[in-house]
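Undergrad: Sequence and predicted structure below; questions after.
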Amino acid sequence: MSSAPGEVSDRIAALTPKQRAYLAIKEMQSQLEESERRRNEPIAVVGMACRFPGDSNTPEAFWDFLKADRDGIVAVPKDRYNVDDFYEEDMSSTLTMNTRWGGYIKDVDMFDAGFFGISKREAAAIDPQQRMLLETAWEAMENAGIAVDRLAGSATGVYLGLCSWDYSTLLEGPHPRGGTGIALSIAANRISYTFDFHGPSMVVDTACSSSLLGVDLACQALRAGEINAALAGGANVLMGPYWTVSLSQAGFLAPDGKCKTFDAEANGYVRGEGCGMVMLKRLSDALQDGDDIKGVVLSSAINQDGRSNGLTAPNGLAQQAVYAAALRKARLEPRDVQYIESHGTGTSLGDVVEVESLWAVYGRGRDQDCALTIASLKTKIGHLEPASGIASIIKVMLALEHEEIPAHRNLKKINPDLVQDPLLRIPLTAAPWKRGTTPRVAGISSFGFGGTNAHVIVGEAPALESRKSVLPERPVHVLTLSARTPKALIQLALRYSSWLASHPEVSIADVCHTANVGRSSFEHRFAVRAESRERLEARLAEFAAESKAEGAVQGMVRGGGERKAAFVFETGSDAERTFAAHWRSWGIEPAAVAGPGAREWAIAEAPSVPVFRDASDLTANGFETQIQLSGGEAAWTEIADQLAALFVQGFTIDWRAFDEGYVRRRIALPTYPFLRTRCWYEESEMRRFPGPFSNVEAGRQ
């Protein structure tokens, strides 16, 4: 039993000075231990989203691509510029490039402006990097099973890595709207503005280590208690030719379009574009909130090369120092790490320095039971420059989830200058990485060409504890979907139907729970009763094909006016009173009651609620939304139908309370189907990019 405050004071007053000093020391020690725990607390990755080369527009699609025996490198698309105007194999002219290749994404000109409340004209003035970051921010939060509107006003931070502004070079004249569509800082600020986040909002530019540095800053802020959640990511879009010309002239790029990391013929990297985003929370918060944890950030470290052999030359000692610092912060030994996702640009000097530095630190204390595997994502999608680090994090999170390290590409003969050790392995085919008694841990590196080095150590998600429901599982569930337009609602239903067909292992209860609690509600709504996976899948497909389905309701919520519901007792039984209490716990308060026993019930948790004789009296007085109360097993079907109808009418339902007492797990479900249209400058507004081999009338195609 706890003591009353007065008793505690009396006991403290009775202590000797030595005993009081002992208590004070114990209290200080406890505070220090708590401070140390928070300072080193793992950070959970609870949501991910991406648009990467190879049609990798979702984490699932990205994993399928990583498993496939192909890369995402293509010829420079004609809608960017005419590469023939600039290509010259020997680069004898200063305005030429020696490559025709890159890791490009499709439909970079497309954007769902209306979803974000932006006019098409304004959207055309916004850098595609900003637009992709907005969309992936939304998708990362939905992937986490977090309703975006619930974060409005919260201490959520945004940390992005960006370093290019190609889109700004397309416009012939001054940029509209004060250049807010082009300024790099606005990429983060626009996300915070759109979703009403009140935490720090910033863009980091350290070139190729930018997005990994953003992750480091986000983790620091979370551990310091400055924020409660963070979005961290990066983007890169390749529009004009001049950066590629510059990098070619400097000897950085591979002429054949292959990033040959660790290979004897490594001769440069391949430029790539795309966007990645993760949502981060403190692990303790993520566990308490029941989040779908993909993995954890155990530590991160940042340093700078200082004065090396040249501004862009790597510094092996600095790289070793950043690895050692990350290990020290994570309280790990080198042998505890099984995998390294290397920076691995595929330059002969950079590969040698990086592998030597890695092995100097991570090679210590290893034996046959703990070999180190290294690989590089750049052999698949090219070098995404400021977004390369976030792409690597997403790759490793997926590898942890699927318990497999994807194959490393473009390695025919290992560079003879690399460290040769049987305990240092490169996976030429997919390598198993099974969860076991030893925690799975990986290191991820990014190095900026100006010397800023970043290293992040990540680990597997903690194993979920087995829990049992307090209540027997209900026989029927409710799935709710909503969208800004009828077309998007149809597309969303189709996504869910297809997803259910390809994920037979998931619990239908978890699907409904995640969709109900983890999505914002829009005006166009659909809700369906779900007795089984087969029926739910079929009803979603039927709705997508015919705009109607058995056991389903749909409609549009119009603003204005208070929504009122009335409870109707049919018998006045104890079961009805129990269900009335349930409805109130689910967020539905009656504006009136009717039927046998209604008066007695009202007099006992609602005396101001008007009482009517029966349902017809309710209707006559304007109470058209009526909740029929009943008991027994069949009641769940009636409740499901009534909940579906209430959702479509615009009532706010507490779905968390609806699932209280049951074991539910949030899972990664399909995200919102953006209806993108072309948002681009008019041809008359755009400048041309004449190359040394252009005709007089040629230019940008």
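TA: Structure received.
Undergrad: Can you mark which positions in stretch 586-602 are buried?
TA: Of the residues in stretch 586-602, those buried under the neighbour-count criterion (16 or more other C-beta atoms under 10 Å) are 586, 588, 590-595, 597-599, 601-602. Where you see a C-beta, it was placed from the backbone N, CA and C, and this is true even at glycine.
Undergrad: I should have written stretch 473-486 there, sorry.
TA: 474, 476-485.
Undergrad: Could you point out which residue ranges in the chain have low pLDDT?
TA: Counting by pLDDT under 70, the chain has low-confidence residues at 1-6, 33, 36, 560-561, 631-634, 696-701.
Undergrad: Could you point out the helix or strand that follows the longest helix along it?
TA: Assignment by DSSP state H gives helix 17-39 as the longest helix of the chain. Helices and strands here follow DSSP states H and E; after helix 17-39, the next one along the chain is strand 43-51.
Undergrad: partner strands of that following strand, parallel or antiparallel?
TA: With DSSP bridges as the test, strand 43-51 is paired with strand 274-282 (antiparallel), strand 295-304 (antiparallel).
Undergrad: which one of the ones you listed has the most crowded surroundings?
TA: Neighbour counts (mean count of other C-beta atoms under 10 Å) averaged over each of those peak at strand 274-282, with a mean of 29.
Undergrad: can I see the domain layout of the protein?
TA: In terms of domains, the chain is parsed into 43-460, 473-563+637-664, 569-624 (source: automatic domain parsing).
Undergrad: which of the ones you listed is buried the deepest?
TA: Using mean count of other C-beta under 10 Å, the stretch among the domains of the chain with the largest mean neighbour count is domain 43-460, at a mean of 21.
Undergrad: start to end distance for it?
TA: Distance between the boundary residues of domain 43-460 (C-alpha to C-alpha, to the nearest Å) amounts to 11 Å.
Undergrad: thinking in terms of the whole chain, how far from its middle is it?
TA: Its chain's average C-alpha position is 14 Å from that of domain 43-460, according to C-alpha atoms, centre = their mean, to the nearest Å.
Undergrad: all helices for the stretch 201-350 of the chain, in order.
TA: Per DSSP state H, counting those that start in this stretch, the stretch 201-350 of the chain has helices spanning 210-223, 242-249, 283-289, 316-330, 348-362. These are given in chain order.
Undergrad: re the thing from before, and of the domains of the chain, who's closest to E34?
TA: domain 43-460 (11.3 Å; C-beta to C-beta).
Undergrad: can you give me the strands in the stretch 601-701 of the chain?
TA: 611-612, 626-629, 677-678 (DSSP state E, counting those that start in this stretch).
Undergrad: In TSV: those strands, plus distance to G316.
TA: Formatted as TSV, the entries for the strands of the stretch 601-701 of the chain read as follows, by distance: least, C-beta to C-beta, whole Å:
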stretch	distance to G316
strand 611-612	82
strand 626-629	70
strand 677-678	47
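Undergrad: of all the ones you listed, which lies closest to P427?
TA: strand 677-678 (40.6 Å).
Undergrad: For that closest one, what is the distance to the chain centroid?
TA: Centroid displacement of strand 677-678 relative to its chain, using C-alpha atoms, centre = their mean, is 24 Å.
Undergrad: What separation is there between Q319 and H343?
TA: For Q319, the distance to H343 (C-beta to C-beta, to the nearest Å) stands at 9 Å.
Undergrad: Pull up the overlap in contacts between these two.
TA: Where contact means C-beta atoms under 8 Å, 6 or more residues apart in numbering, the residues bridging Q319 and H343 through contact with each are 354, 445, 447.
Undergrad: got the contact list for F567?
TA: Shown in contact with F567 (C-beta under 8 Å, 6+ apart): 580, 583, 590, 592-594, 598, 626-627, 629.
Undergrad: Tell me what it is bridged to.
TA: With beta bridges defined as DSSP bridges, F567 has these partners: V593, I627.
Undergrad: How about residues contacting the longest helix of the chain?
TA: Contacts made with helix 17-39 from outside it, assessed by C-beta under 8 Å, 6+ apart, are listed as 12, 15, 223-225.
Undergrad: same thing with stretch 307-315?
TA: So stretch 307-315 is in contact with 250, 305-306, 318, 349-350, 353-354, 447, 449-451, going by C-beta under 8 Å, 6+ apart.
Undergrad: The same query, at a cut-off of 7 Å, please.
TA: By C-beta atoms under 7 Å, 6 or more residues apart in numbering, the surrounding residues in contact with stretch 307-315 are 305-306, 350, 353-354, 447, 449-451.
Undergrad: Same check on stretch 503-522?
TA: With C-beta under 7 Å, 6+ apart as the test, stretch 503-522 has contacts from 142, 145-149, 473, 477-484, 530, 532-533, 536, 655-656, 659, 662, 664-667, 669.
Undergrad: Return the distance of it from the chain's centre.
TA: For stretch 503-522, the separation from the chain centroid amounts to 17 Å (computed by C-alpha atoms, centre = their mean).
Undergrad: Equivalent analysis for stretch 556-564, please.
TA: In terms of C-alpha atoms, centre = their mean, the gap separating the centre of stretch 556-564 from the centre of its chain is 32 Å.
Undergrad: For it, list the C-alpha coordinates in PDB.
TA: Only the C-alpha atoms of stretch 556-564 are listed here, as PDB (Å, rounded to 0.1, in the frame of the first residue of the first chain):
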ATOM      1  CA  MET A 556     -20.800  11.900 -49.400                       C
ATOM      2  CA  VAL A 557     -20.500  13.800 -46.200                       C
ATOM      3  CA  ARG A 558     -21.500  17.400 -46.500                       C
ATOM      4  CA  GLY A 559     -20.300  20.000 -44.100                       C
ATOM      5  CA  GLY A 560     -22.400  22.000 -41.700                       C
ATOM      6  CA  GLY A 561     -25.000  21.000 -39.100                       C
ATOM      7  CA  GLU A 562     -24.700  18.900 -36.000                       C
ATOM      8  CA  ARG A 563     -25.200  15.200 -36.600                       C
ATOM      9  CA  LYS A 564     -27.700  13.600 -34.100                       C
END
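Undergrad: ok, A657 touching R584?
TA: No: using C-beta atoms under 7 Å as the test, A657 is too far from R584 to be in contact (9.6 Å).
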